[in-house]
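Visitor: only the shape, not the letters, is given here:
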């Protein structure tokens, strides 16, 4: 695996930090080195919240800050407006097309649209658009081994909320199975 | 037959206090209580910044010197370090306890921290040479209120017992004086109770001792004790302000 | 807990402190370090310890002073404005020769400043901070794993030399999550015959104190303390070099700035520029020898700092002006990015001035 620099961005409350953590834990369990860095402070209060995840085979990750992602995951329009130009050429942009009506302008990146928020409400899992996005991201990465996903997810859901595990997993599966028509 | 001796809890060293200063009396009362309760070996005292800063050299138990006003916070740490065994007291003057250290005092009381506070109120900063204290009386002349404390600009004195007794936290609050023998005896009884409360795990006990400062008041020791009776006690009435377990309130 | 877990830097400090045997924590809420207090509030009651939210930072540091007087391991944490409030107590800890661990998750200043990461308390931490002649041992972690390791080390050093240790980190290292393991061999703290635990009527009373009214006694005490500081300087310097041996251009950076700079140095090497990194881990004692050695062979040292240029003064002293030392800095909570620092390196490689 090459070093991946993910930037996950949207509104506070969309579960962006959780998605980042679930991904980071999956890769940690697979033996990679990871870092996870949230935006904090006033940025969290309204506007965009984001979290950067770096995953690498190197023993030590250099900068944990993701200024120029090679994977951008956008769950609201301000995020796409803010970060579209920061993505490195050849990178990927994932767009929640329920939340963001416009198309990505860049032509030197791979773009994936998924109506994650609509899929979440259609499937009665309204707060889990984040997990649907995560499923799609993993599908594109070719990381579809559900056991590995479960290993990471189980580290992120405390035993007290064990009943949340299955519904999160179902949301991820929706994303894993999604193909644009 | 020995009729009078130094309490074991007091070190055999000369005290640095001025002639006529009641600190010696109150030190002795605290030491007698420590002896009588048999707690010297597990008592840790905290000296303030002020005239009694060197109290750490005078008490035979383990002693800690605290920063100005912070004795109740230091006491909190020491008590929490070993609540079953440590008996912790602070010995603080009015500038230390009621001015710079007011927050620490109020919050230790609010937490009902299981410590004993001996508070010496002599209405002046002694160590620095006689400046206005938070407890200086209206009209009182000091180095920094040379025309007398003007309440319009310097505000009013703080009545610590009255204030703290409004809190739900503290166990026991009493004001005593050491201006004559009957009052010295009452003061000892109060200090003893304040230590006994701690041994019994009851919580925060504060004894305010209305004291005197002949040197900085510019009086003879005798005049100073008279002034305590004529001016200090009327402003700072003696008595029990709070006694949660005893329920007795004489004020 | 030998398994690798993902944890925030602030939480790693708290867990490591508990592993180190710290059972007393006193703090006051302030961003961006409140996770330490929250973690302690949860964990301490479960390990028979004390968590107390003090009425102020001033009270908290004095509670630390109290517990430390009794010989037990104790800590507090705060962020820049709160650390300023603690300085009185820190000076007293130093003056009474008391060990303690103090964490400063730095944010931008001066004044109320901001809440984003900063390194602007370098002077305050390394040059004393409060009144009087004294030093703290100052440790600057750059990863979550190091947040844990240096916390344990910090307690050990504090006990060994009877002086407070400060973990000088920042908002970013506190907030980020990385894998961390906690399989440490924890040393038994040394005996503390000086502690106030009650005489049990078996010994003379102990006194914890920093007051010496006789000038010659205070002088003697200060000389004695600086003898101990000399031992710290001889034995406890920690730093890390990264491709510095043959480097023409050396970046000097610490904490989160060094993490970013590390990536910049790697990219510079990919472009054929001989760049390297020296990362002080102990800010006091400062790794003077490492910089003196670097000054023998490199062409330029660039201090990358998140302040207006503070560590650069120590570098200049250590290198005795044998090589040019320049500054690249961001402040107020702004972090430089990897390419920004790379640009500075490239510019230096061309011999250009910033």
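Guide: Nice, I can see it. Only a predicted model underlies this, so the values are computations on that prediction, with no experimental measurement involved.
Visitor: so which residues of the chain form strands?
Guide: Answering for chain A, as no chain was given. Secondary structure of chain A, counting by DSSP state E: strands at A:4-11, A:33-38, A:48-56, A:71-74, A:92-96, A:110-114.
Visitor: wrong chain, I was asking about chain B
Guide: B:43-47, B:62-65, B:87-93, B:116-121, B:124-125, B:131-132, B:172-177, B:205-210, B:239-243.
Visitor: neighbours of the one residue in chain B that gets nearest to chain C, how many?
Guide: Using Cβ to the nearest Cβ, the single residue of chain B nearest to chain C is residue B:77, 2.3 Å away. C-beta coordinates here come from the backbone N, C-alpha and C atoms, glycine included. Around residue B:77 there are 30 other residues, counting by other Cβ atoms under 10 Å in any protein chain shown.
Visitor: please apply the same query to residue C:217.
Guide: That count, for residue C:217 with other Cβ under 10 Å as the rule, works out to 11.
Visitor: likewise residue A:164?
Guide: For residue A:164, using other Cβ under 10 Å, the count is 14.
Visitor: and the residue nearest to it when sequence neighbours are not counted, how far is that from residue A:166?
Guide: With sequence-adjacent residues excluded and distances taken as Cβ to Cβ, 6 or more residues apart in numbering or on different chains, residue A:164 is closest to residue A:157, at 5.4 Å. The spacing between residue A:157 and residue A:166, counted by Cβ to Cβ, to the nearest Å, is 10 Å.
Visitor: check contacts around residue 180.
Guide: The chain I'm using is chain A. Counting by Cβ atoms under 8 Å, 6 or more residues apart in numbering or on different chains, residue A:180 touches A:112, A:113, A:114.
Visitor: wrong one, I was asking about chain B
Guide: B:225, B:229.
Visitor: before we move on, the earlier item: mean neighbour count, mean pLDDT and distance to chain B added to the strands of chain A, as a markdown table?
Guide: Listed next are the strands of chain A as a markdown table, based on neighbours: other Cβ atoms under 10 Å in any protein chain shown; pLDDT from 0 to 100; distance: least, Cβ to the nearest Cβ, whole Å:
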| stretch | mean neighbour count | mean pLDDT | distance to chain B |
| --- | --- | --- | --- |
| strand A:4-11 | 24 | 95 | 40 |
| strand A:33-38 | 24 | 95 | 33 |
| strand A:48-56 | 24 | 92 | 36 |
| strand A:71-74 | 28 | 98 | 47 |
| strand A:92-96 | 24 | 98 | 49 |
| strand A:110-114 | 18 | 97 | 54 |
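Visitor: need those strands in a markdown table with distance to chain C, can you?
Guide: Converted to a markdown table, the strands of chain A look like this (distance: least, Cβ to the nearest Cβ, whole Å):
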| stretch | distance to chain C |
| --- | --- |
| strand A:4-11 | 10 |
| strand A:33-38 | 4 |
| strand A:48-56 | 9 |
| strand A:71-74 | 16 |
| strand A:92-96 | 19 |
| strand A:110-114 | 22 |
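Visitor: neighbour-wise, which of residue A:157 and residue A:166 wins?
Guide: The residue with more neighbours, out of residue A:157 and residue A:166, is residue A:157; 16 against 9, by other Cβ under 10 Å.
Visitor: check contacts around that one.
Guide: So residue A:157 contacts A:164, A:165, A:168 (Cβ under 8 Å, 6+ apart).
Visitor: before we move on, what about residue C:124?
Guide: Residue C:124 neighbours (Cβ under 8 Å, 6+ apart): C:83, C:84, C:87.
Visitor: does residue C:74 touch residue C:93 like I think?
Guide: No: Residue C:74 is beyond contact range of residue C:93, at 10.2 Å (criterion: Cβ atoms under 8 Å).
Visitor: now for those two: what residues contact both?
Guide: In contact with both residue C:74 and residue C:93: C:64, C:68, C:100, using Cβ under 8 Å, 6+ apart.
Visitor: reformat those residues as CSV; add pLDDT.
Guide: Formatted as CSV, these follow (pLDDT from 0 to 100):
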residue, pLDDT
C:64, 98
C:68, 98
C:100, 98
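Visitor: where's residue C:226, which helix or strand?
Guide: Assessed by DSSP states H and E, residue C:226 sits inside helix C:215-235.
Visitor: for residue C:68, same thing?
Guide: Judged by DSSP H and E, residue C:68 forms part of helix C:57-69.
Visitor: in the chain, which segments are predicted with low confidence?
Guide: Since no chain was named, I'll use chain A. A:1-2, A:40-47 (pLDDT under 70).
Visitor: um, chain B though
Guide: For chain B, the ranges with pLDDT under 70 are B:247-251.
Visitor: identify the residues contacting residue C:221.
Guide: Residue C:221 touches residue C:212, counting by Cβ under 8 Å, 6+ apart.
Visitor: and residue A:131, by the same measure?
Guide: A:15, A:19, A:22, A:125, A:168, A:171, A:172, A:175.
Visitor: recalculate using a threshold of 10 Å.
Guide: Taking Cβ atoms under 10 Å, 6 or more residues apart in numbering or on different chains as the criterion, residue A:131 is in contact with A:15, A:18-19, A:22, A:116, A:120, A:125, A:153, A:167-175.
Visitor: show the buried residues in those.
Guide: A:15, A:18-19, A:22, A:116, A:120, A:125, A:153, A:168-169, A:171-175 (16 or more other Cβ atoms under 10 Å in any protein chain shown).
Visitor: now, among these, which is nearest to residue A:135?
Guide: residue A:175 (2.1 Å; Cβ to Cβ).
Visitor: isn't the closest one right up against residue A:114?
Guide: Yes: applying Cβ atoms under 10 Å as the test, residue A:175 and residue A:114 come out as touching, 7.0 Å apart.
Visitor: and for these two, which residues touch both?
Guide: With Cβ under 10 Å, 6+ apart, residue A:175 and residue A:114 have common neighbours A:94, A:129, A:132, A:133, A:135, A:136, A:137, A:139, A:140.
Visitor: residue C:154 and residue C:17 touch, don't they?
Guide: Yes: if you go by Cβ under 10 Å, residue C:154 and residue C:17 touch, sitting 8.8 Å apart.
Visitor: how about the residues of the stretch 201-350 of chain C near chain B?
Guide: C:201, C:202, C:203, C:204, C:205, C:206, C:207, C:208, C:209, C:210, C:211, C:213 (Cβ under 10 Å from any Cβ of the partner chain).
Visitor: most neighbours of all those, which one?
Guide: Highest count within those by other Cβ under 10 Å belongs to residue C:208, 28 neighbours.
Visitor: any stretches of chain C with poor pLDDT?
Guide: For chain C (pLDDT under 70), the answer is C:1-2, C:352-354.
Visitor: domain parsing for it?
Guide: C:5-199+C:222-235, C:240-349 (automatic domain parsing).
Visitor: from the chain's centroid, how far away is the shortest one?
Guide: It stands for domain C:240-349. Distance of domain C:240-349 from its chain centroid, counting by Cα atoms, centre = their mean, to the nearest Å, is 18 Å.
Visitor: stretch C:19-39 near chain A anywhere?
Guide: Yes: using Cβ under 10 Å from any Cβ, stretch C:19-39 reaches chain A at C:31, C:32.
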